[in-house]
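A.B. asks: Provided below are the primary sequence and the corresponding predicted coordinates.
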Amino acid sequence: MTLPTPWQFVRLEREGRYIELRLQQDLFGWVVVRTSGDGQGGRGQMKTIPCADYPEAIHLWNQEVRVRKRRGYIPV
């Protein structure tokens, strides 16, 4: 039996823009990494948000996904 992985990834797109959300561990604990930009490769940014523990991180990741879907982004 395989257990579900605690790491999460989703890519959302809208009108040529994209957002990727990752839930992963780094050397200091759990982080949510948000990468966004346009499809042309011109403008983009990456932000790493540190979290105190896994429950906080999964809550933040789910919250970010809900907000982006409300703004019209669609998972691909």
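C.D. replies: Yep, that arrived.

A.B. asks: element containing residue 46, please.
C.D. replies: Using DSSP states H and E, residue 46 sits within strand 44-50.

A.B. asks: find the residue at the geometric middle of the chain.
C.D. replies: Against the mean C-alpha coordinate of the chain, by CA atoms, centre = their mean, the closest residue is residue 21 at 1.3 Å.

A.B. asks: ok, back up a step: in its sheet, what does the strand holding residue 46 sit against?
C.D. replies: strand 29-38 (antiparallel) (DSSP bridges).

A.B. asks: can you list contacts of the strand it pairs with?
C.D. replies: Contacts with strand 29-38, where a contact means CB atoms under 8 Å, 6 or more residues apart in numbering, come from 16-25, 43-54, 56-57, 60-61, 64. C-betas here are computed from N, CA, C, even on glycine.

A.B. asks: to the chain's geometric centre, what's the distance from that strand?
C.D. replies: 5 Å (CA atoms, centre = their mean, to the nearest Å).

A.B. asks: may I see the buried residues of it?
C.D. replies: Buried residues in strand 29-38, counted by 16 or more other CB atoms under 10 Å: 30, 31, 32, 33, 34, 36, 37.
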